[in-house]
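In: what's the 3D shape of this:
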Amino acid sequence: LAEASVGLGASRVSGVTESLPESEAMSIIVGDPMGVATHYAIAKLYDVIVCLSEKKEGSDISVGSIFLNPETGRLIEDFRALLRVLHLGGAGDLFAQRGAARCLTLILVAGCELQPGSVTGSSVEEPLQALVLWVLSQLQSSASTSLALVSTTLPVLLSRPEARSVFQGNGGVGYISRHLRSRSTSKRSGDTGATAQQLYELCFCLWTLTYELNSSSPVRAHFARDGAVPALVELVAAAPREKVVRVALSALRNLATCSTDLSPQKGDKKDVDGTIFLAEMIGCNLIKSIDHLKDRQWKDPDIVDDLEVLHSLLHENFREMTRWDVYQVEVETGALEWGVVHTEAFFQEHAKKLEGKDGNFMILKTLVALAAGEDEDVAAIACFDIGEFARNYPGGRLVAKRLGAKDVVMKLIDHENTDLQRHALQCVSKLLVQNWQAVQQAGKK
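Out: Numbers count the residues shown, from 1 in each chain. Take a look at the predicted model:
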């Protein structure tokens with residue numbers, strides 16, 4: 001593998017996806033011997049490592065005994081050929097990169113288990129960081145091929161706390177959340193999106209990371225900042241497979257029940273705990289999904305238990321929230337749905353609050369951003385809210401125009417979605433006409 005992977009780039013064998021006639025297979029072997037050797041070596045190495053990982057009790061041979069020097073406890077240098085394949089795999093040689101990632105993951109996980117205490121300063125630290133950062137670089141891409149490279153490797157890698165620390169510290173929670181949320185937009189864009197198995201694997205990774213919540217304030221901050229709750233709520237609402245629902249509910253339960261007792265936030269920043277996540281869940285309309293799921297028959301007792309706990313916590317916290325609290329969380333999460341907080345009566349009472357405590361109109365700015373977003377239903381509701389703010393807040397028309405609302409909404413009045421088109425047109429009218437009430441009454445006559 002070390003010899004074959006030198007200068008490895010895109011190869012003929014990397015494009016083979018099915019069995020070939022003997023003549024074509026021989027042609028590839030002759031024309032691309034190094035590519036074939038690389039694929040063969042990685043496939044056989046993976047088989048060997050899996051066999052060693054499943055060793056019988058009492059056996060002296062293991063992954064650690066093969067790849068770590070028994071005298072120094074350091075990794076043997078041969079593993080670097082796998083890193084070379086990852087970074088020099090060439091465009092399109094997905095088999096080699098995926099196989100190298102799997103092999104290296106199993107080796108490093110075994111190495112972590114054999115390190116006393118922390119891996120800091122050990123021979124495992126450098127390749128572990130390199131592997132995690134490579135995985136993160138693949139997750140940054142929205143391409144389904146990049147996700148397929150790492151989706152099976154990541155759950156195994158994150159079984160180690162050392163890998164979880166590097167992963168979450170470099171934006172991993174946000175990358176996973178984005179891939180989970182892209183499932184809802186993939187149908188509109190024509191993309192196939194993540195498969196049910198990939199959704200399960202990604203959700204499993206988020207669930208694994210939730211077990212760091214109580215012991216790490218940075219982890220709680222990442223979950224609150226990077227859109228994990230909306231991603232999990234969308235997944236529960238879609239309910240693609242029972243196993244996906246199970247891990248999503250379990251992750252939400254861990255978020256809802258996390259505390260700051262073991263690792264309070266340092267400094268003056270507001271700490272994040274379960275009540276913050278519960279408010280976000282309510283804003284994302286998780287209550288509706290939980291009530292619906294409770295009516296279904298589940299064979300898995302863990303799902304039933306998680307539904308009971310979440311149902312109780314959500315309804316208890318909902319009773320303590322004002323309508324403005326619900327509206328604020330709904331806007332901040334971007335999960336707008338028609339209801340009592342999107343009515344004329346609501347804005348007649350609460351329009352003043354959109355200016356915010358600091359007078360920066362952050363809620364209104366968020367509404368303008370949502371109106372420009374890809375979700376047409378959310379954009380329609382945002383248009384309605386912007387129009388009602390302009391109508392009920394003193395000088396609201398000028399404030400909304402100054403924040404770019406008019407330019408954003410004007411682009412929607414010719415939208416192919418008739419409902420969005422109608423709300424955009426009404427919003428523009430409210431921004432331009434001073435006495436909208438009179439116009440509305442004249443229209444009824």
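In: for the helix or strand where residue 218 lies, packing partners?
Out: Taking DSSP states H and E as the definition, residue 218 sits inside helix 217-225. Packed against helix 217-225, as judged by 3 or more CB pairs under 8 Å, 6 or more residues apart in numbering; DSSP states H and E, are the following elements: helix 161-169, helix 172-189, helix 196-210, helix 274-283. (Glycine included, C-beta is placed from N, CA and C.)
In: How about exporting that helix as PDB, limited to the C-alpha atoms?
Out: Extracted in PDB, the C-alpha atoms of helix 217-225 (Å, rounded to 0.1, in the frame of the first residue of the first chain):
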ATOM      1  CA  SER A 217     -20.300  24.100  28.600                       C
ATOM      2  CA  PRO A 218     -18.700  24.600  25.100                       C
ATOM      3  CA  VAL A 219     -20.600  21.500  23.900                       C
ATOM      4  CA  ARG A 220     -23.900  22.900  25.200                       C
ATOM      5  CA  ALA A 221     -23.000  26.200  23.400                       C
ATOM      6  CA  HIS A 222     -22.300  24.400  20.200                       C
ATOM      7  CA  PHE A 223     -25.600  22.600  20.300                       C
ATOM      8  CA  ALA A 224     -27.500  25.800  21.000                       C
ATOM      9  CA  ARG A 225     -25.700  27.800  18.300                       C
END
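In: returning to that earlier point: need the helices and strands packed on helix 217-225 in CSV (columns: mean pLDDT and distance to residue 51).
Out: Formatted as CSV, these follow (pLDDT from 0 to 100; distance: least, CB to CB, whole Å):
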stretch, mean pLDDT, distance to residue 51
helix 161-169, 91, 23
helix 172-189, 72, 30
helix 196-210, 92, 23
helix 274-283, 89, 42
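In: ok, residue 206 touching residue 178?
Out: No. When contacts are counted by CB atoms under 8 Å, residue 206 is not listed as touching residue 178 (11.7 Å).
In: Who has more neighbours out of those two?
Out: Neighbours were counted for residue 206 and for residue 178 using other CB atoms under 10 Å; residue 206 has more, 26 against 16.
In: Look up how far residue 234 lies from the more buried one.
Out: 13 Å (CB to CB, to the nearest Å).
In: which neighbours do those two share?
Out: residue 180 (CB atoms under 8 Å, 6 or more residues apart in numbering).
In: and the spatially most central residue of the chain, what does it touch?
Out: Residue closest to the mean C-alpha point of the chain, counted by CA atoms, centre = their mean, is residue 177 at 0.9 Å. Each residue near residue 177 by CB under 8 Å, 6+ apart is listed here: 206, 226, 227, 228, 230, 231.
In: got a markdown table for those, with distance to residue 57 too?
Out: Shown next, in a markdown table, are the contacts of residue 177 (distance: CB to CB, whole Å):
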| residue | distance to residue 57 |
| --- | --- |
| 206 | 33 |
| 226 | 41 |
| 227 | 44 |
| 228 | 39 |
| 230 | 45 |
| 231 | 40 |
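In: nearest to residue 45, of those?
Out: Using CB to CB, residue 206 comes nearest to residue 45 of the contacts of residue 177, at 30.1 Å.
In: do you know how far the closest one is from residue 248?
Out: From residue 206 to residue 248 the distance is 8 Å (CB to CB).
In: How about residue 79?
Out: 35 Å.
In: Specify which residue of those two has the higher count of neighbours.
Out: residue 248 (29 against 19).
In: Correct me if wrong: that one contacts residue 236.
Out: Yes. In this structure, residue 248 is within contact of residue 236 by CB under 8 Å, at 5.0 Å.
In: about what we covered before: nearest to residue 216, of the helices and strands packed on helix 217-225?
Out: Using CB to CB, the nearest of the helices and strands packed on helix 217-225 to residue 216 is helix 161-169, at 8.1 Å.
In: List the buried residues of that closest one.
Out: For helix 161-169, burial by neighbour count (16 or more other CB atoms under 10 Å) applies to 162, 163, 164, 165, 166, 167, 168.
In: Report the inter-axis angle for that helix versus helix 196-210.
Out: 100 degrees (axes from the mean of the first three to the mean of the last three CA atoms, to 10 degrees).
In: If you count contacts, what does helix 161-169 end up packed against?
Out: helix 94-114, helix 125-139, helix 196-210, helix 217-225.
In: List the buried residues in the third one.
Out: This means helix 196-210. Buried, per 16+ other CB under 10 Å, within helix 196-210: 198-210.
In: before we move on, what about the first one?
Out: Buried residues in helix 94-114, counted by 16+ other CB under 10 Å: 94-112, 114.
In: Next: the second one.
Out: Residues of helix 125-139 classed as buried: 125, 127, 128, 129, 130, 131, 132, 134, 135, 136, 138, 139 (neighbour count, 16+ other CB under 10 Å).
In: same deal with stretch 352-371?
Out: So for stretch 352-371, counting by 16+ other CB under 10 Å, buried means 354, 355, 361, 362, 363, 364, 366, 367, 368, 370, 371.
In: which one of those is nearest residue 34?
Out: residue 370 (51.8 Å).
In: what's the pLDDT at the closest one?
Out: What the model reports as pLDDT for residue 370 is 93.
In: If we ignore the residues flanking it in sequence, what's nearest it?
Out: Excluding its sequence neighbours, the residue lying closest to residue 370 (CB to CB, 6 or more residues apart in numbering) is residue 382, at 4.1 Å.
In: do the same with residue 257
Out: Using CB to CB, 6+ apart, the nearest residue to residue 257 is residue 274, at 5.2 Å.
In: residue contacts, the one you found?
Out: By CB under 8 Å, 6+ apart, the neighbours of residue 274 are 255, 256, 257, 258, 259, 313.
In: try residue 272
Out: 217, 220, 221, 223, 224, 260, 265.
In: most neighbours, which of these?
Out: residue 223 (29 neighbours).
In: now it: how far from residue 376?
Out: Counting by CB to CB - residue 223 and residue 376 are separated by 28 Å.
In: Check residue 29 too.
Out: 53 Å.
In: With distance to residue 298 as extra columns, can I get the helices and strands packed on helix 161-169 in JSON lines?
Out: Below are the helices and strands packed on helix 161-169 laid out as JSON lines (distance: least, CB to CB, whole Å):
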{"stretch": "helix 94-114", "distance to residue 298": "32"}
{"stretch": "helix 125-139", "distance to residue 298": "31"}
{"stretch": "helix 196-210", "distance to residue 298": "16"}
{"stretch": "helix 217-225", "distance to residue 298": "26"}
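In: do you know which of those helices lies nearest residue 156?
Out: Going by CB to CB, the one of the helices and strands packed on helix 161-169 nearest residue 156 is helix 94-114, 5.2 Å.
In: now the angle from the closest one to helix 161-169?
Out: Using the same axes, to 10 degrees: helix 94-114 against helix 161-169 is 120 degrees.
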